[in-house]
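Enquirer: Provided below for reference: sequence and predicted model.
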Amino acid sequence: MAEREIAVFEAFTVSARKSSSLDAGNVIVGKHAAMSEPSFAIPEQAVPGPDATYYPQLDGLRAIAVMSVFIGHLVPLRFLQKIVSWGDTGVILFFCLSGFLITRILLRVQIDGTGNRWMSLRSFYVRRVLRIFPIYYLVIVLGVLVGYPPVRDQFLRLVTYSLNVPGLPPTDHLGAFSHFWSLSVEEQFYLFWPMLVLFLPRRNLPHFIVGLIGLSLGYRLAFALAGASYKLIFASLWGCLDSLGLGALLAIAWDEPSCRWARGRRFVRVGKIFGVVWALMTVGILAGGLDSEFTGYLWFAAVYFTTAAIAFTGLIAFALSGSKNWWGKFLESWLMVRLGRISYGLYVYHFFFPYLLLWLVGHRYVRLTSAWHYAGWSICGSLVVALLSWRFIEKPILNLKRHFRYDEGRRAA
């Protein structure tokens, strides 16, 4: 491949060691609910009934998360890449959303629990498989069929969701599959989290989650000060449990109808404070010479990402209110909801396009001379493929969920 084309590509993308997370779904259990509120605050009155089934503004947040990943991986503007920490902020927001949604689903199953919890656990895993596995393994199979070396070399680790597991050999040089590390984190989370939520006494669950959040931050700080690699620190399950755990804490707070709004307002207030701190730290990143792996400043990254996770959890709490101010209307606009709905496909497919374009340019099938050409075609290609994937693969398979309900007549994620 011509050196000039490689230089063009390297000018606008860094190795995708980060990306977003899985689509847990905004559907929980019960009736649709949304509140109108003119300010950035949780309404004083609760929505009628203890349950809510669909929060469109969470799809809007998911759209913001995937756009952050696109900016970090595809857009050739250095200052924007720094603002989103090369896509990491999108990953954190996805993890916070997953922690909330998955825990909320499991808490509803635990409370409503008219059936066998083991049967509910089976339904949970089957439904996750229907949502996550099809296009994940589809692209791996395609990688095998075309003889893509990273898939051949790391096939076992990819198919077992065991990328970046402490104690196992590092999985470097994944190429177009580099962003799959966060999918591994999510699946590892799904292995143990349902057991804890369904079978741990409810009164002990918040304390346990707070402990996990503290352990996650402590793990990152300890390994950062010890000089460990960025991947070992931030791309492993232990390094991401703070984001997932904060979302889970919000789910517990939101699951108490009598005090959910008071607790929700508290999450929003704390989120605002940490949002300001996170913004100031981001200004520091813009002013400094930090690279995409925070070389020499891993301790700063450890604190920075937890700060972002707290801010994003507050943002999720606000979105749950269904506020109709300008921000709420933006989040639940048709475009944002639509992008959020296909965000899993956008995430899975997006990083293949730069490599595909490089191959096409190298074989002189197309001619691209600008980093913006690569970015534009990659974004457009991702959107088209994600829409087709949703229409013809994901949505038909998701319809099978009706055969695996948590409770008869109830609709869940």
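Expert: Sure, I can see it.
Enquirer: show me the contacts for residue 306.
Expert: 216, 217, 220, 242 (Cβ atoms under 8 Å, 6 or more residues apart in numbering). Where you see a C-beta, it was placed from the backbone N, CA and C, and this is true even at glycine.
Enquirer: Could you report the neighbour count for residue 287?
Expert: 9 (other Cβ atoms under 10 Å).
Enquirer: in the stretch 201-350 of the chain, which spans are helices?
Expert: Assigned by DSSP state H, counting those that start in this stretch, the stretch 201-350 of the chain shows helices spanning 205-225, 230-234, 237-254, 260-287, 298-320, 326-331, 334-341, 343-350.
Enquirer: Residue 302 touches residue 238, doesn't it?
Expert: No - using Cβ atoms under 8 Å, residue 302 makes no contact with residue 238, being 11.9 Å away.
Enquirer: possible to save the helices of the stretch 201-350 of the chain as JSON lines with distance to residue 64 and mean pLDDT?
Expert: As requested, those are exported to JSON lines (distance: least, Cβ to Cβ, whole Å; pLDDT from 0 to 100):
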{"stretch": "helix 205-225", "distance to residue 64": "23", "mean pLDDT": "96"}
{"stretch": "helix 230-234", "distance to residue 64": "20", "mean pLDDT": "94"}
{"stretch": "helix 237-254", "distance to residue 64": "15", "mean pLDDT": "96"}
{"stretch": "helix 260-287", "distance to residue 64": "14", "mean pLDDT": "94"}
{"stretch": "helix 298-320", "distance to residue 64": "9", "mean pLDDT": "97"}
{"stretch": "helix 326-331", "distance to residue 64": "8", "mean pLDDT": "95"}
{"stretch": "helix 334-341", "distance to residue 64": "8", "mean pLDDT": "97"}
{"stretch": "helix 343-350", "distance to residue 64": "9", "mean pLDDT": "98"}
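Enquirer: Nearest to residue 174 among those would be which one?
Expert: Ranking these by proximity to residue 174 (Cβ to Cβ) places helix 230-234 first, at 10.6 Å.
Enquirer: List the contacts of the closest one.
Expert: Residues contacting helix 230-234 (Cβ under 8 Å, 6+ apart): 17-18, 88, 164, 166, 170, 181, 219-220, 223-224, 239-240, 293-294, 298, 301-302, 305.
Enquirer: PyMOL command to pick out the buried ones of those residues?
Expert: Filtering the contacts of helix 230-234 down to the buried ones (16 or more other Cβ atoms under 10 Å) takes a single PyMOL command:
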select buried, resi 17+18+88+164+181+219+220+223+224+239+240+293+294+298+301+302+305
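Enquirer: roughly how far out does the host helix or strand of residue 102 sit from the chain middle?
Expert: Residue 102 belongs to helix 88-112 when assigned by DSSP states H and E. The chain centroid and the centroid of helix 88-112 are separated by 10 Å, computed with Cα atoms, centre = their mean, to the nearest Å.
Enquirer: Same question for stretch 213-231.
Expert: 20 Å.
Enquirer: In that stretch, which residues are buried?
Expert: 213, 216, 217, 219, 220, 221, 223, 224, 228, 230, 231.
Enquirer: contacting residues around residue 301?
Expert: Contacts for residue 301 (Cβ under 8 Å, 6+ apart) come out as 220, 224, 230, 233, 234, 294.
Enquirer: Please, where are all the strands along the stretch 51-200 of the chain?
Expert: For the stretch 51-200 of the chain, applying DSSP state E, counting those that start in this stretch gives strands covering 52-54.
Enquirer: how about low-confidence regions in it?
Expert: Applying pLDDT under 70 to the stretch 51-200 of the chain flags the ranges 51-53, 111-115.
Enquirer: Run through the neighbouring helices and strands of the helix holding residue 102.
Expert: Helix 88-112 sits against strand 27-29, helix 56-74, helix 117-145, helix 181-199, helix 237-254, helix 298-320, with contacts defined as 3 or more Cβ pairs under 8 Å, 6 or more residues apart in numbering; DSSP states H and E.
Enquirer: could I get these as CSV with distance to residue 289?
Expert: Converted to CSV, the helices and strands packed on helix 88-112 look like this (distance: least, Cβ to Cβ, whole Å):
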stretch, distance to residue 289
strand 27-29, 44
helix 56-74, 18
helix 117-145, 35
helix 181-199, 25
helix 237-254, 24
helix 298-320, 13
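Enquirer: Determine which of these approaches residue 271 most closely.
Expert: Among the helices and strands packed on helix 88-112, the nearest to residue 271 by Cβ to Cβ is helix 298-320 (1.2 Å).
Enquirer: Next, the buried residues of the closest one.
Expert: For helix 298-320, by 16+ other Cβ under 10 Å, it's 298-302, 304-320.
Enquirer: How about stretch 161-171?
Expert: Using 16+ other Cβ under 10 Å as the test for burial, stretch 161-171 gives 161, 163, 164, 165, 171.
Enquirer: quick one: which of those is nearest residue 398?
Expert: Out of the buried residues of stretch 161-171, the member with the shortest distance to residue 398 (by Cβ to Cβ) is residue 161, at 20.2 Å.
Enquirer: Helix, strand, or coil at the residue in the chain sticking out farthest from the centre?
Expert: Residue farthest from the centre of the chain, counting by Cα atoms, centre = their mean, is residue 364 at 36.2 Å. Using DSSP: H, G, I helix; E, B strand; the rest coil, the structure places residue 364 in coil.
Enquirer: Distance of it relative to residue 178?
Expert: The gap separating residue 364 from residue 178 is 26 Å, by Cβ to Cβ, to the nearest Å.
Enquirer: ditto for residue 363
Expert: Distance from residue 363 to residue 178, counting by Cβ to Cβ: 22 Å.
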